[in-house]
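Q: Need the 3D shape of this:
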Amino acid sequence: MDTIEFAHEDGIGVITLSREKALNALNSTLLNELAHVLSELMNSGLRALVITGAGDRAFAAGADISEMASFSAEEAEAFSSGGQAVLELLETFPAPTIAAVKGFALGGGCEVAMACDMVLAGPTAVFGQPEVKLGVIPGFGGTQRLVRRVGRQRAIELMMTGRNVKAEEAVALGIAMDLIQDGDVVDAAKDLAKRIARNGPSAVRWVKRVVQETEGRDAESGMAAERAHFALCFATADQKEGMSAFLEKRKPEFVGA
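A: So this is what the prediction gives:
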């Protein structure tokens, strides 16, 4: 593939958005390739997935303006629909996902990061939804995910002004989880992925599923989903291994079943 690179080791996958000369801008080819890779990996048994951008200048500087500039309204709706579908694949990916952001994560790039479960920001990271400066609005889910990350009032301010948010403010607002001051942010994301991967794979996936499926629902529904998945854990070999290892004072050897 021309615009996506994928590597994996010890159950940790790394997807790199790879249009470095174009600041990893999201064109139709990249989005289609990302959808293909995510679909292929859905049932691969990965323990965690890291998303990053090629080079140091950008995670992804937005959707490709040169491609969008001449869109009709119908073409724009199709492009938005396709982008939303790709990020839905990313958001619902069964294993935990971590965005490792260097440089610009603007527009569609910010939307890709927010579709991940966790976002780590390097010192040069810059986030934003600047679409209004081009006479349009976010089209890949930004109006929805940014509100959930930072709250309605701040999300509206960010989208209406189109201002950029540097790494430290992004962490304070909740767009990013941590600022990685020392070392490479991709290495930090891999280290986090490895810490997660040491735990029971089914339990990790079910944490994600319960949180996602009950977000915004009433407390009773959320508690019922938690109860049901807690019970499911006790039908797995990993629960038996995890608790036996604890009682025997040894490290567990999880198999994901």
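Q: Packing partners of the lengthiest helix in the chain?
A: If you go by DSSP state H, the chain has its longest helix at helix 73-91. If contacts are counted by 3 or more C-beta pairs under 8 Å, 6 or more residues apart in numbering; DSSP states H and E, helix 73-91 sits against helix 28-41, helix 108-114. In this view, the C-beta of every residue, glycine as well, is placed from N, C-alpha and C.
Q: nearest to Glu253, of these?
A: Proximity to Glu253 (C-beta to C-beta) singles out helix 28-41 among the helices and strands packed on helix 73-91, at 23.7 Å.
Q: Which positions within that closest one qualify as buried?
A: 28, 30-31, 33-35, 37-38, 41 (16 or more other C-beta atoms under 10 Å).
Q: so Arg145 touches Cys116, yeah?
A: No. Using C-beta atoms under 8 Å, Arg145 is not in contact with Cys116; the gap is 10.1 Å.
Q: re the thing from before, got the angle for the longest helix of the chain vs helix 28-41?
A: Relative orientation of helix 73-91 versus helix 28-41 (axes from the mean of the first three to the mean of the last three C-alpha atoms, to 10 degrees): 30 degrees.
Q: which residues touch helix 73-91?
A: Helix 73-91 has contacts (C-beta atoms under 8 Å, 6 or more residues apart in numbering) with 26, 28, 31-32, 34-35, 38-39, 42, 51, 63, 68, 71, 97, 108, 111-112, 115-116, 136, 139-141, 212.
Q: PyMOL command to pick out the buried ones of the residues you listed?
A: Only the buried entries of the contacts of helix 73-91 go into this PyMOL selection, using 16+ other C-beta under 10 Å:
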select buried, resi 26+28+31+34+35+38+51+63+68+97+108+111+112+115+116+139+140+141
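Q: Tell me how far the residue positioned nearest the centre of the chain lies from Thr214.
A: Nearest to the geometric centre of the chain sits Cys116, at 1.4 Å (C-alpha atoms, centre = their mean). The spacing between Cys116 and Thr214, counted by C-beta to C-beta, to the nearest Å, is 19 Å.
Q: now swap in Phe230 and tell me
A: Separation of Phe230 from Thr214 (C-beta to C-beta): 13 Å.
Q: now Val119
A: For Val119, the distance to Thr214 - C-beta to C-beta - is 21 Å.
Q: neighbour count winner among these two?
A: Neighbours around Val119 and Thr214, counted as other C-beta atoms under 10 Å, are more numerous at Val119. The numbers are 30 against 16.
Q: which residue ranges form the strands in the stretch 151-257 of the chain?
A: Assigned by DSSP state E, counting those that start in this stretch, the stretch 151-257 of the chain shows strands spanning 165-166, 178-179.
Q: can you give me the end-to-end distance of stretch 91-103?
A: Stretch 91-103 has an end-to-end distance of 22 Å (criterion: C-alpha to C-alpha, to the nearest Å).
Q: Buried residues of it, list them for me.
A: 91, 93-103.
Q: pLDDT for the residues you listed - can I get that in TSV?
A: Formatted as TSV, the buried residues of stretch 91-103 follow (pLDDT from 0 to 100):
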residue	pLDDT
Glu91	97
Phe93	97
Pro94	95
Ala95	96
Pro96	97
Thr97	98
Ile98	98
Ala99	98
Ala100	98
Val101	98
Lys102	97
Gly103	97
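Q: What is the most widely separated pair among those residues?
A: Farthest-apart pair in these is Pro94 and Gly103; separation 28.8 Å (C-beta to C-beta).
Q: chain center to stretch 109-127: distance?
A: 8 Å (C-alpha atoms, centre = their mean, to the nearest Å).
Q: ok, how many other residues are close to Gly122?
A: By the criterion of other C-beta under 10 Å, Gly122 has 23 neighbours.
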